[in-house]
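Asks: Got a sequence here, can you build the structure:
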Amino acid sequence: MLNIALFVTAELLLAGYLVYAVAVPLIHYRLGDGDRWIVFAVLLCLIGVNAMVKTVQYAFFPRNESQSVYIAFGWVCIFYIFVAGSFRRFMNRDVYPEASRALMIAGYTISVFGLLGVLPAWSWLIH
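Replies: Down below sits the predicted model:
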């Protein structure tokens, strides 16, 4: 049961990443950063959907992958580092600096939790 709870947590965090993947590139585009942000939005969404699908596959259709929950939290860690960096950029450009700072700190915090979720896999690989 704990395994499913961890997968649900990872899925919710990945769903939050998908909200970011749609919203933030559009904000960059509206700020005049160029058309490349629309391409980034599509790529970020594809990566996020792929991670969500793989997480569901790991949860319900395991194929001798004992480390699958750790893989999902590894994706969460990497994705939220980019989320936090994007909000840092907004903060530096004075786009809602207080909200950007709070979201940046939240992104880094979630990334650390994702990293902590991956640590048992690293210790398993070492031994």
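Asks: Quick check: chain neighbours aside, which residue is closest to the residue positioned nearest the centre of the chain?
Replies: By CA atoms, centre = their mean, the mean C-alpha position of the chain lies nearest to Phe79, the distance being 3.2 Å. Among residues not flanking Phe79 along the chain, Tyr17 sits closest, at 4.7 Å (CB to CB, 6 or more residues apart in numbering). Placement of C-beta: from N, CA and C, glycine included.
Asks: Run a quick neighbour tally on that neighbour.
Replies: Around Tyr17 there are 24 other residues, counting by other CB atoms under 10 Å.
Asks: Helix or strand for Gly32, just tell me which one.
Replies: Under DSSP states H and E, no helix or strand contains Gly32.
Asks: any idea how far it lies from Met104?
Replies: Counting by CB to CB, to the nearest Å, the gap from Gly32 to Met104 is 21 Å.
Asks: more crowded one of the two?
Replies: Neighbour count, other CB under 10 Å: between Gly32 and Met104, Met104 has more, with 20 against 7.
Asks: so how far is the helix or strand that one falls within off the chain centroid?
Replies: Per DSSP H and E, Met104 falls inside helix 97-126. Centroid displacement of helix 97-126 relative to its chain, using CA atoms, centre = their mean, to the nearest Å, is 9 Å.
Asks: Which neighbouring elements make contact with that helix?
Replies: With contacts defined as 3 or more CB pairs under 8 Å, 6 or more residues apart in numbering; DSSP states H and E, the secondary structure elements packing on helix 97-126 are helix 2-30, helix 68-92.
Asks: Which of these sits closest to Val49?
Replies: helix 2-30 (7.1 Å; CB to CB).
Asks: Point out the other elements, helices or strands, that the closest one touches.
Replies: Counting contacts by 3+ CB pairs under 8 Å, 6+ apart, helix 2-30 packs against helix 36-60, helix 68-92, helix 97-126.
Asks: run the last query once more with 6 Å
Replies: Judged by 3 or more CB pairs under 6 Å, 6 or more residues apart in numbering; DSSP states H and E, helix 2-30 is in contact with helix 36-60, helix 68-92.
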